[in-house]
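Enquirer: what's the 3D shape of this:
(chains A and B)
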Number of protein chains: 2
Amino acid sequence: MGLEKPYLLFLGDAPDQLAAKTATGIADWRPDWCVGQLRLPGCGADTGLRDVDIAEAVRLGAKTLVIGVVNSGGFMPDSWTHTICQALAHGMDLASGLHGRLASFPAIREAAAKHGRVLHDIRQSEQEFVTGKGTKRTGKRLLTVGTDCSCGKKYTALAIERAMRARGMDADFRATGQTGVLIAERGVAIDAVVADFISGAAEWISPDNDAEHWDLIEGQGSLFHASYAGVSLGLLHGSQPDLLVLCHEPTRRHMRGLPHAPIPDLGECIALNLAGARLTNPDCRMLGLSVNTSALSPEDAERYLAETSEKLALPCLDAIRGDPDGFLDYLD
Amino acid sequence: MGLEKPYLLFLGDAPDQLAAKTATGIADWRPDWCVGQLRLPGCGADTGLRDVDIAEAVRLGAKTLVIGVVNSGGFMPDSWTHTICQALAHGMDLASGLHGRLASFPAIREAAAKHGRVLHDIRQSEQEFVTGKGTKRTGKRLLTVGTDCSCGKKYTALAIERAMRARGMDADFRATGQTGVLIAERGVAIDAVVADFISGAAEWISPDNDAEHWDLIEGQGSLFHASYAGVSLGLLHGSQPDLLVLCHEPTRRHMRGLPHAPIPDLGECIALNLAGARLTNPDCRMLGLSVNTSALSPEDAERYLAETSEKLALPCLDAIRGDPDGFLDYLD
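Expert: From the prediction side, this is the model:
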């Protein structure tokens, strides 16, 4: 990707933690790449990194300002422009995972040109895709799917990659969103691909591989999310997963961004994902549930995991808070 | 859209009738707009219009050469360039529904500039979309869905629009593909939208309307097609249909373009489409099946329709060969 490190993470006025999930993803998985975070008034998110301003970040050696905020549709509010241009004036490059290309904002384009800085559009791929073919590829694949957006699909895939590698297994995280691409430094933000090529891009992300090699593919959205389900289904078909892990946040009251839309029933969610996956891999099965229990007390988390595991007859664990290694005993 | 009429339809070397479905769509639904067809050696398609060369088309007054060929992924073969540039040199504009922008092909861009002609990219919309919201809109909606690609979804929606208008009903065909957009002179080729905005674009295509107004929305692909199902699902969610009509071609042996992929069972196809539709409209129901019987004898067609209707307990008719009016008795 050619981003110069280290990074200053820009959280803007992200209203809550989930809205800054690109920043928190990088801070959690690649803390060594970051000098700190920069937040605007009203920001309700926190990566846990130290707060620094542009001048301090420059003193700490920051080379790239990474826009770490995700919003519905991926737009850029005017209120961010001043700070972003200030970073460019102080010699930082700029990286963004928004839908709009950075050069399409006149103030940013002009500041970058004036100060000779590079603009990186992470969400747009230069790759030319073809339509999906559905032909079975070699190697093994695990895809994380979700009851909703932003419920742990990327973290679970990364945690399982880490656990597999710790056991000496041949495993690669495959990024399908802008945050994952920033963490892995490769992959494709599949929601920014032209719709005809969703499954084709997913096939490209996870090509033929050795028989014992595992791809841990980052899922996107949810088959039950009225905004994004098309992306989820194309990714499911193109991934051809041998295994699914269903990610779930048990305190969520409605689908992210859609206050009128209820969270789907876990059993229905498992059935619909398996039905979709079996179109391109009839042997696909559900490995288990990765439950994001961060909003529960340890006791409540333990009880929820045990009850859900018994109800669904599947391993249920929190791959982040607990030990993702637990899944690896059920691979065969 | 601003295309100057009449059109010369370019079929290139389309291997079969379905590969020229943009040309046949325009010829079947807007014959008055066309002076004829132009075919290259090896072309296996025929719109039924007279074959003319560029010089003859110019004499007949042709103002725009419309590329009427559809291929997987929407690419432009080199073998078409000579004829296309010849049309530009003879004073015709050019319209295309391919994914690649016409100006991205140097020979075409240069010929258009040299001869002062206009290049129309039908598949790309200038419209900026937002992500789908799933909130219920006013008015009534019918979406055609399919067991496969290219099995009659556009023709069925157009035929029902015609039948409704003949009964004095307030009805509009809503185009979601390049051919439909060329026929309706509005709409969006939804497979060319950035994947994040599939359902949002579908919501934009079919906005709030009068309580008794019907939108007849052109379906795309199939939930069971490994290349395009993401587009189909996003369109299903964004359309919020009150009624579905399932389109089917009974002699098809495998999914279009995927020789290894079987045609789905009709009952499973109905169930999965209804489950998807009910995420954004819980009252959605299946109105009936529109069977493309063009490959069957009249007797075989009649028998197939009767048997399928009895088996599924749904009205089954051929909306093209037969009378689409038959569906209108089952609207309530």
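Enquirer: Poorly predicted segments of chain A, please.
Expert: Counting by pLDDT under 70, the low-confidence segments of chain A come to A:73-74.
Enquirer: contacting residues around the residue located most distally from the centre of chain A?
Expert: Note on chain A: the largest C-alpha distance from the chain mean falls to residue A:114, namely 33.1 Å (CA atoms, centre = their mean). Applying CB atoms under 8 Å, 6 or more residues apart in numbering or on different chains to residue A:114 gives the contacts A:88-89. Using the backbone N, CA and C atoms, a C-beta is placed for each residue, glycine as well.
Enquirer: Kindly provide the distance from it to residue A:193.
Expert: Taken as CB to CB, to the nearest Å, the spacing of residue A:114 relative to residue A:193 amounts to 32 Å.
Enquirer: same thing with residue A:51?
Expert: From residue A:51 over to residue A:193 the distance is 35 Å, taken as CB to CB.
Enquirer: Have a look at those two and say which one is more surrounded.
Expert: Neighbour comparison, residue A:51 and residue A:193: the larger count goes to residue A:193, with 28 against 13 (by other CB atoms under 10 Å in any protein chain shown).
Enquirer: Quick check, that one in contact with residue A:125.
Expert: Yes - the pair residue A:193 / residue A:125 is scored as a contact, 7.1 Å apart, by CB atoms under 8 Å.
Enquirer: which residues do these two both contact?
Expert: Where contact means CB under 8 Å, 6+ apart, the residues bridging residue A:193 and residue A:125 through contact with each are residue A:201.
Enquirer: quick one, strands of chain A?
Expert: Per DSSP state E, chain A has strands spanning A:7-12, A:34-39, A:64-67, A:93-96, A:119-121, A:140-146, A:171-174, A:214-217, A:243-248, A:285-291, A:316-317. These are given in chain order.
Enquirer: Same list, those, but as a markdown table with mean neighbour count please.
Expert: What follows is these, written out as a markdown table (neighbours: other CB atoms under 10 Å in any protein chain shown):
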| stretch | mean neighbour count |
| --- | --- |
| strand A:7-12 | 27 |
| strand A:34-39 | 23 |
| strand A:64-67 | 24 |
| strand A:93-96 | 24 |
| strand A:119-121 | 20 |
| strand A:140-146 | 27 |
| strand A:171-174 | 22 |
| strand A:214-217 | 26 |
| strand A:243-248 | 26 |
| strand A:285-291 | 23 |
| strand A:316-317 | 22 |
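Enquirer: Distance to chain B added to the ones you listed, as JSON lines?
Expert: As requested, those are arranged in JSON lines below (distance: least, CB to the nearest CB, whole Å):
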{"stretch": "strand A:7-12", "distance to chain B": "19"}
{"stretch": "strand A:34-39", "distance to chain B": "25"}
{"stretch": "strand A:64-67", "distance to chain B": "17"}
{"stretch": "strand A:93-96", "distance to chain B": "15"}
{"stretch": "strand A:119-121", "distance to chain B": "13"}
{"stretch": "strand A:140-146", "distance to chain B": "14"}
{"stretch": "strand A:171-174", "distance to chain B": "17"}
{"stretch": "strand A:214-217", "distance to chain B": "15"}
{"stretch": "strand A:243-248", "distance to chain B": "17"}
{"stretch": "strand A:285-291", "distance to chain B": "18"}
{"stretch": "strand A:316-317", "distance to chain B": "25"}
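Enquirer: Rebuild those strands as TSV, extending it with distance to residue B:230.
Expert: Formatted as TSV, the entries for those read as follows, by distance: least, CB to CB, whole Å:
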stretch	distance to residue B:230
strand A:7-12	30
strand A:34-39	34
strand A:64-67	27
strand A:93-96	24
strand A:119-121	22
strand A:140-146	14
strand A:171-174	17
strand A:214-217	15
strand A:243-248	17
strand A:285-291	21
strand A:316-317	28
